[in-house]
Each structure stands twice: as structure tokens, then as C-alpha cells.
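Colleague: sequence below, structure please.
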Amino acid sequence: MDLSKFDPNSSGNPNYNIFGLPVTEEEARLVILPVPWEVTVSYLAGTARAPERIQKASLHVEIFDADVRDGWKKGFFLREPDKKILLKSDYLRKESELYINYISQGGCIDENRFMCKTLKEVNEGGAFLNQWVYDQTKDLLAKGKLVGVLGGDHSVPLGFYKAIAEKYSDFGILQIDAHCDLREAYMNLKYSHASIMYNALTEIPQMTKLVQVGVRDYCESEWNYINNSNGRIIAYLDKKIKESIFEGQTWQQITSDIISNLPQHVFISFDIDGLNRTLCPHTGMPVPGGFELEQLSYLFRKILESGRTLIGFDLCETGVSSNEWDENVGARVLFKLCNLMVAKN
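Modeller: Purely as a prediction, here's the structure:
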């Protein structure tokens with residue numbers, strides 16, 4: 001990259017790429033794949049438009065990070081959202097809404113031929129999306145790129161996990177989330193956003209560990225699934241974390257315990273609703289509680305200091321808002337994740 005005429009202290013140039021960086025995909029060390037998809041969202045919609053809105057908000061992010069000095073110089077590049085994927089998401093989202101409303105009102109699928117067809121179409125759409133994400137990320141990994149996925153809802157990174165599994169025979173996912181996402185085919189939707197981690201655990205044997213941090217909204221079947229996982233899943237509930245802090249334990253001590261359960265290769269799956277709701281009020285399923293961004297930045301930095309390697313990330317469920325607050329926060333989360341990825345890679 002020719003940075004001789006680039007001023008990192010000036011305002012972001014909209015003619016450049018993410019964070020106003022003058023970098024091409026070929027030059028970038030890290031490529032971000034936007035996935036504008038929100039077909040199975042069961043509450044608030046809007047996350048399919050997050051990638052383009054985060055791109056706009058990113059021009060107002062200062063590119064100086066005291067934790068990773070000059071990380072941006074390695075180059076971050078955000079691809080243009082694929083309009084065909086967005087159109088398919090919009091179409092299937094409408095179909096899914098009809099189906100979800102029908103189910104929510106006690107409708108019986110077996111008695112409604114149209115709903116049977118709709119369910120089949122939505123599930124086929126999820127399988128298509130998984131394959132598309134797999135193909136895109138596999139190609140980028142083959143080119144030696146570091147890769148991040150930007151959603152969209154939290155169903156979108158499954159194909160990326162599968163591509164990562166072909167490169168690393170043993171890895172773990174650190175999931176920042178208000179939810180467990182461990183439901184089997186939630187509402188019969190196989191690739192629901194509420195089923196992403198269940199699908200990953202059942203379809204990807206190379207994923208040997210799932211460490212969930214900040215969970216505060218889950219059902220009984222998910223709790224049982226965790227307890228019957230033989231240690232493959234470790235859940236740090238938001239309630240337990242807060243109670244430990246109330247009783248005198250420090251965030252440093254809790255962080256050390258979290259890291260002790262992570263393998264050498266770590267993938268960060270960041271559902272933005274893991275943050276305090278004031279930071280993400282328009283996310284798909286907001287829940288009281290959650291973290292400040294500084295707490296999670298500290299955790300991520302300590303993972304690197306432990307000698308572990310970050311092998312990829314996804315950032316999902318960023319909402320869109322009239323004042324761009326959610327997108328503003330999402331852009332800053334994205335910048336931190338990008339810097340962490342290139343810090344030791």
C-alpha cells in the first residue's frame with residue numbers, strides 16, 4: 001500500500017474503503033465479508049442493512065488504537081454487500097414472517113400445504129447461504145487472507161466455521177452473546193439465528209470447545225444441552241459474572257478463568273447483543289444486562305497476551321437506527337476486532 005499521501009489524523013474519506021483506508025482487497029491483510037441476511041429473525045429486523053450502514057459510520061472512527069499501534073497499516077478491506085444475497089434475504093424474510101406468525105398463533109404445519117412449502121423454501125435458503133459463505137471464505141483463506149464476517153443475523157457465519165475447520169483441526173469459539181443459540185431447528189427453521197451454535201457443534205467436529213460469555217436469556221433445553229456436553233460447552237452467565245463481581249471477584253480473575261477454557265486457536269463470534277442494551281438498542285433481540293465494550297476489549301487483549309491465536313471473527317446482529325447509534329457502536333467493535341486479528345498474524 002502507498003500510504004505516503006494518506007493522513008491518518010484527517011476525517012475519513014468516503015471514496016476509500018472501511019474506516020476510510022486507501023486499500024484494495026489484494027493489498028489488505030484482512031478482508032471482511034458482509035453477509036446481508038436476516039431471514040429467520042424472530043423479533044426486530046434490520047440487521048441485513050448493517051454492513052452498509054457500518055461502512056458509513058466507520059468513516060468517523062479514529063484509526064489510532066493504543067492497544068494495537070498501526071494495526072490499520074496492515075490493511076482492512078470490506079467487500080461490497082452482494083445485492084443478490086440481500087434480495088434473496090428480503091424475499092425469504094417475508095416468507096419467514098408469514099410462517100413465524102402462523103406458528104406463533106398455534107397453527108399446525110401439517111394442516112397447511114402453503115406453510116409446508118414456505119418452511120421448505122426458507123430452510124433451503126439457509127442451506128444456500130451457508131454454502132455461499134463457505135465458498136467465499138474458503139477462497140479468501142486460500143489466498144492467505146485473514147477473514148472476518150459481518151452480518152446480518154447470527155445464522156450467517158456457519159459456512160465460515162466450516163471453512164475454518166478445514167484449516168484448523170482443533171479450534172474453539174468464544175461466543176459473546178445474550179443468548180445460547182443452542183436450539184435445535186428453532187420453530188422448525190434448521191438454520192435459524194437461534195440455532196447457530198447447535199448447528200456448529202453438531203456439524204463441525206473440529207470445533208472442540210464453545211465458551212459462551214454474557215448469556216442471560218436461554219431456555220431449559222439449552223441449559224440441559226450445556227450440562228450434558230461433557231465440558232465441550234462452558235457458559236459464563238451474565239448473572240453469575242455480576243454476582244461474582246458483587247462479591248469481590250475482579251474482572252481480571254474472571255477473564256483468566258475464561259481464557260483457561262479456550263484452546264490454542266480461538267474464533268471470536270460477537271453477537272452485539274452481548275453488550276449492554278444502551279449500546280445496541282435496535283439489535284434483533286435486545287436483553288437487559290450485558291457488557292461495556294471496554295470489558296470485552298480487555299478480555300480479547302488478554303487472550304492475545306496468553307499466547308493464543310485468533311483465527312477469525314464474526315460480528316452479527318447490529319441494528320440500524322435513525323441516529324446511527326447502533327452502527328456507530330458496531331463500527332467501533334469491528335475496528336477493535338480487526339486490530340486484534342492483525343496484531344499477531
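Colleague: how far away is residue 133 from residue 199?
Modeller: 13 Å (CB to CB, to the nearest Å). C-beta coordinates here come from the backbone N, C-alpha and C atoms, glycine included.
Colleague: shared neighbours, the two?
Modeller: residue 158 (CB atoms under 8 Å, 6 or more residues apart in numbering).
Colleague: the more surrounded of these two?
Modeller: Higher neighbour count among residue 133 and residue 199: residue 133, with 27 against 22, using other CB atoms under 10 Å.
Colleague: contacting residues for the more buried one?
Modeller: So residue 133 contacts 33, 35, 149, 156, 157, 158, 159, 160, 163 (CB under 8 Å, 6+ apart).
Colleague: now the fifth one. Nearest residue, chain neighbours left out?
Modeller: Leaving aside its sequence neighbours, residue 157 sits nearest to residue 314 (CB to CB, 6 or more residues apart in numbering; 3.9 Å).
Colleague: so the one you found sits against residue 155, correct?
Modeller: No: Residue 314 is not in contact with residue 155 according to CB atoms under 8 Å; the separation is 10.5 Å.
Colleague: which of the contacts of residue 133 fall in helices?
Modeller: 158, 159, 160, 163 (DSSP state H).
Colleague: now the contacts of residue 133 in a markdown table, with pLDDT and distance to residue 214?
Modeller: Listed next are the contacts of residue 133 as a markdown table, based on pLDDT from 0 to 100; distance: CB to CB, whole Å:
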| residue | pLDDT | distance to residue 214 |
| --- | --- | --- |
| 33 | 98 | 25 |
| 35 | 98 | 22 |
| 149 | 98 | 20 |
| 156 | 98 | 20 |
| 157 | 98 | 18 |
| 158 | 98 | 21 |
| 159 | 98 | 25 |
| 160 | 98 | 21 |
| 163 | 98 | 26 |
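Colleague: Throw the residues you listed into CSV and include distance to residue 57, thanks.
Modeller: Shown next, in CSV, are the contacts of residue 133 (distance: CB to CB, whole Å):
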residue, distance to residue 57
33, 18
35, 18
149, 18
156, 20
157, 21
158, 26
159, 26
160, 23
163, 28
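Colleague: gap between residue 263 and residue 202?
Modeller: On the measure of CB to CB, residue 263 and residue 202 end up 19 Å apart.
Colleague: comparing those two, which residue is more hemmed in?
Modeller: residue 263 (16 against 11).
Colleague: need the contact list for that one.
Modeller: 170, 171, 172, 208, 209, 308.
Colleague: pretty sure the last one sits against residue 268.
Modeller: To tie it back to what came earlier, the one meant is residue 308. No: with contact defined as CB under 8 Å, residue 308 does not reach residue 268; the gap is 11.0 Å.
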